[in-house]
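J.: take this sequence and fold it.
(one chain, ligands or ions: 2)
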Amino acid sequence: MAFCDYHIHTCYSFDGDRSATPEAICKAAIERGLTDIAITDHFEVNAIPEGIDTPYDADAAFESVMQVKEIYGKRLNITYGIELGQASQYPDIANDFLRKYPVEFVLASLHNLRGKPDFYYMNFSAIDEDETSSLYRAYLSELLEMIYALDKIDAIGHITYPFRYIARAGRVVDASQFYDGLADIFSVLAKNDIALELNVSTYAKGYGFTMPTPDILSLYRECGGRLITLGTDAHSPSAVGVAIPYAAELAKSVGFDSALVIRGGQKELIKL
Ligand SMILES: [Zn+2]
Ligand SMILES: [Zn+2]
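T.: Ligands and ions are numbered 1, 2, ... in the order given. Reported below is the predicted structural model:
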């Protein structure tokens, strides 16, 4: 049984709970019996050039993760990661960051399309079906751009992120209309040994589905995808590791038998 959580925010993320110090996160992970975690604070690369208030103190965050590695490293495999947002939009900023810090795990995410607000701020009650589909198609095409733009990328985060906000408006997405676009991305991931994240935050929050859903996870497998990571997207200590056993069972049900982790700087597969 895998007990890994590879998507965790601390108080160094703009939306992280103030109680989520790296130390509190590690303590929570140990209490819940996890063996491997990645601390993946937000670095939204469009924040500085566009004056968006999502500050990330990279130096302080780095120091803090190094400290917890010292303190808890014998009881917990702690990976220094980053959730790199919108790298497609400012690839130089993203790649400069990756040159400056010895990031062990790059989780690449897209929270907003170029020139548009974060999907979190979109009201899908007021956006019709056609526009919704075209937004998600644009999302997939920008994701593909992002994969090629980054010098280092280990996993793609919450590939169906917009679905959470579509569901918030009480709407159900027919994902099959996007299988072609998803398959294009999955082939690239498979060819380049980039993992797909199975993110359980929506499930844990009561939406009833994971990001992505099992049909999409199956499609990834059909396209040759073998590497997955499991993540809660915790923003507080209480959310660390929650629903990871569910994610592991779900992944197994569609044919995956391991999850990707990084130990001592090396990629390893641990059995689900
Ligand atoms: Zn995210
Ligand atoms: Zn996140």
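
J.: the helices in the chain, which residues?
T.: Along the chain, counting by DSSP state H, helices occupy 22-31, 47-50, 58-72, 91-100, 129-149, 161-168, 179-191, 201-204, 214-222, 244-253.

J.: quick one, which of those is nearest to Leu269?
T.: Leu269 lies closest, by C-beta to C-beta, to one member of the helices of the chain: helix 244-253, at 12.1 Å. All C-beta atoms are positioned from the backbone trio N, CA, C, and that covers glycine.

J.: now the closest one and helix 214-222, what's the angle there?
T.: 50 degrees (axes from the mean of the first three to the mean of the last three C-alpha atoms, to 10 degrees).

J.: so which of the helices of the chain gets nearest Gln266?
T.: Closest approach to Gln266 among the helices of the chain (C-beta to C-beta): helix 58-72, 15.3 Å.

J.: report the buried residues of the closest one.
T.: Residues of helix 58-72 classed as buried by neighbour count (16 or more other C-beta atoms under 10 Å): Ala58, Ala61, Phe62, Ser64, Val65, Val68, Lys69, Tyr72.

J.: my read: the fifth one touches Pro22, true?
T.: It stands for Val65. Yes. Counting by C-beta atoms under 8 Å, Val65 sits close enough to Pro22 to count as a contact (5.8 Å).

J.: pull up the overlap in contacts between these two.
T.: The contact sets of Val65 and Pro22 overlap at Ile39 (C-beta atoms under 8 Å, 6 or more residues apart in numbering).

J.: circling back: reformat the buried residues of helix 58-72 as a markdown table; add pLDDT.
T.: Shown next, in a markdown table, are the buried residues of helix 58-72 (pLDDT from 0 to 100):
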| residue | pLDDT |
| --- | --- |
| Ala58 | 96 |
| Ala61 | 97 |
| Phe62 | 98 |
| Ser64 | 98 |
| Val65 | 98 |
| Val68 | 98 |
| Lys69 | 98 |
| Tyr72 | 98 |
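
J.: could the residues you listed go into a markdown table alongside distance to ligand 2?
T.: Compiled in a markdown table, the buried residues of helix 58-72 are given as follows (distance: C-beta to the ion, whole Å):
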| residue | distance to ligand 2 |
| --- | --- |
| Ala58 | 16 |
| Ala61 | 14 |
| Phe62 | 18 |
| Ser64 | 17 |
| Val65 | 16 |
| Val68 | 18 |
| Lys69 | 20 |
| Tyr72 | 21 |
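
J.: name the nearest of those relative to Leu110.
T.: Nearest to Leu110 among the buried residues of helix 58-72, counting by C-beta to C-beta, is Ala58 at 20.1 Å.

J.: and the closest residue to the closest one other than its chain neighbours, how many residues sit next to it?
T.: Excluding the flanking residues, the one nearest Ala58 by C-beta to C-beta, 6 or more residues apart in numbering is Tyr101, at 6.3 Å. Residues lying near Tyr101 (other C-beta atoms under 10 Å) number 16.

J.: my read: Tyr101 touches Phe62, true?
T.: Yes. Assessed by C-beta under 8 Å, Tyr101 is found in contact with Phe62 at 5.7 Å.

J.: who touches both of the two?
T.: Between them, Tyr101 and Phe62 share these contacting residues under C-beta under 8 Å, 6+ apart: Tyr80.

J.: contacting residues for the residue nearest to Ala58?
T.: Contact partners of Tyr101, counting by C-beta under 8 Å, 6+ apart, are Ala58, Phe62, Tyr80, Ile82.

J.: ok, Arg168 next?
T.: Listed by C-beta under 8 Å, 6+ apart, the contact set of Arg168 reads Phe124, Tyr207.

J.: any idea how far it lies from Tyr220?
T.: From Arg168 across to Tyr220, the span is 25 Å (C-beta to C-beta, to the nearest Å).
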